[in-house]
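Student: Need coordinates for the below:
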Amino acid sequence: MPGISAFLITLAVFIVSLPAGKAYCGGAYVYGPDKTIIGQISYYHIRGDETLHEVAVASDTGYNSIMAANPGIDPWLPGNATRITIPSSWILPAGKQKGIIINLAEMRLYRFLDIRGERLVTTYPIGIGTEGFDTPLGRFRIAGKEKDPAWHVPPSIRRENPDLPAVVPPGRDNPLGPYALRLSIPTYLLHGTSRPFGIGHRASHGCIRLYNQDVKSLFYTVRTGTPVRIVYQPIKAGILGGRIYIEVHKDYLKRLADPYQEALKILAGLGNNAGFNKSILKKALREGKGIPVDITARKASPKS
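Tutor: Residues are numbered from 1 along each chain as shown. All right, here's what the predicted structure looks like:
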């Protein structure tokens with residue numbers, strides 16, 4: 001089609017008509033000032049000896065989020081026919097919604113698009129840096145992209161494992177997977193993985209891991225120069241249909257001295273006049289299930 005780049009054509013496939021709340025083609029969702037919650041919670045029944053790790057991979061969900069959404073269920077032996085909550089709804093991170101936002105607290109990446117006046121967002125689970133190798137916070141950009149990247153093993157990792165070669169060539173054993181996007185901060189990448197069970201864990205040396213099908217989607221739709229903002233937001237609040245929701249994740253960096261007061265500050269910034277139920281808010285903070293919880297104040301039932 002003359003005058004339309006291949007990049008725009010790739011993104012334009014997202015624009016199709018589906019019922020409200022459903023993902024657009026390619027996993028993109030419409031969002032806006034009064035719709036900062038995307039997706040829908042779904043459910044799955046365990047088949048045979050499936051583990052929660054397997055369910056997480058099959059549902060394109062991180063292990064951390066599926067565990068938080070299903071407290072008390074044995075991850076290795078959940079039991080045949082056990083109903084599992086799939087955490088497939090999310091409140092968008094706070095702040096300017098542009099380019100890529102990575103929220104380390106929930107181990108999730110958001111990619112914001114504006115196509116022909118339609119504001120869309122795609123989202124993917126990630127794995128992040130382990131303790132002592134924390135993924136850095138801040139503002140960066142995509143500095144380059146590489147298909148079938150070779151892994152040039154950093155000296156720090158070779159000191160931990162001297163048997164590693166200086167360079168691991170592309171292939172199924174390469175931990176970078178089939179695609180890599182390089183950040184403007186040296187040595188940090190968004191990349192695929194040879195170990196899909198690591199998504200939803202703090203297991204890397206600081207890089208951001210994605211399932212291979214997810215990093216492929218980013219590779220072909222993200223331009224070099226795209227801004228990347230890495231944040232830490234254990235508590236998020238959003239609006240949908242005039243109702244207020246809260247989403248709570250584990251504060252693994254232990255930065256929240258008083259989660260309730262932090263939640264009140266976040267709620268105050270929503271600019272919504274609807275009241276909220278303090279008891280439901282406190283319960284959501286205690287449980288930390290990582291899924292949006294409706295905390296809108298309920299109106300009293302009319303007396304008969």
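Student: which residues of the stretch 151-300 of the chain fall in helices?
Tutor: 155-160, 212-221, 259-268, 278-287 (DSSP state H, counting those that start in this stretch).
Student: So what's the gap between the third one and the chain middle?
Tutor: What that stands for is helix 259-268. 22 Å (CA atoms, centre = their mean, to the nearest Å).
Student: Who are the packing partners of that helix?
Tutor: When contacts are defined as 3 or more CB pairs under 8 Å, 6 or more residues apart in numbering; DSSP states H and E, helix 259-268 packs onto strand 235-240, strand 243-248, helix 278-287. No exception for glycine: its C-beta is placed from N, CA and C like everyone else's.
Student: With mean pLDDT and distance to H53 as added columns, please give the ones you listed in CSV.
Tutor: Putting the helices and strands packed on helix 259-268 into CSV (pLDDT from 0 to 100; distance: least, CB to CB, whole Å) gives the following:
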stretch, mean pLDDT, distance to H53
strand 235-240, 95, 25
strand 243-248, 96, 23
helix 278-287, 96, 22
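Student: Export the ones you listed as a markdown table, with columns for distance to R298 and mean neighbour count.
Tutor: Shown next, in a markdown table, are those (distance: least, CB to CB, whole Å; neighbours: other CB atoms under 10 Å):
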| stretch | distance to R298 | mean neighbour count |
| --- | --- | --- |
| strand 235-240 | 16 | 23 |
| strand 243-248 | 11 | 22 |
| helix 278-287 | 9 | 15 |
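Student: Those into a markdown table, with extra columns for distance to N103?
Tutor: Output for those, formatted as a markdown table (distance: least, CB to CB, whole Å):
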| stretch | distance to N103 |
| --- | --- |
| strand 235-240 | 8 |
| strand 243-248 | 10 |
| helix 278-287 | 17 |
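Student: domain parsing for the chain?
Tutor: 101-231, 235-294 (automatic domain parsing).
Student: rank the ones you listed by mean pLDDT and give me the bottom one.
Tutor: Lowest mean pLDDT within the domains of the chain: domain 101-231, a mean of 90.
Student: Any idea how far apart the tips of it sit?
Tutor: 7 Å (CA to CA, to the nearest Å).
Student: coming back round to it: quick one: which of the helices of the stretch 151-300 of the chain is nearest T122?
Tutor: helix 212-221 (7.1 Å; CB to CB).
Student: State which strand of this structure is the longest.
Tutor: Ranked by residue count, the top strand of the chain under DSSP state E comes out as strand 138-147.
Student: from the chain's centre, how far out does it sit?
Tutor: 18 Å.
Student: Which strands or helices does that strand pack on?
Tutor: strand 179-183, strand 227-231.
Student: Comparing these, which stretch has the densest surroundings?
Tutor: Among the helices and strands packed on strand 138-147, strand 179-183 has the highest mean neighbour count (mean count of other CB atoms under 10 Å), at a mean of 22.
Student: So in that sheet, which strands flank that one, and in what orientation?
Tutor: strand 138-147 (antiparallel), strand 189-191 (antiparallel) (DSSP bridges).
Student: Could I get the contacting residues of I230?
Tutor: 101-102, 104, 135-140 (CB atoms under 8 Å, 6 or more residues apart in numbering).
Student: Great, nothing more from me.
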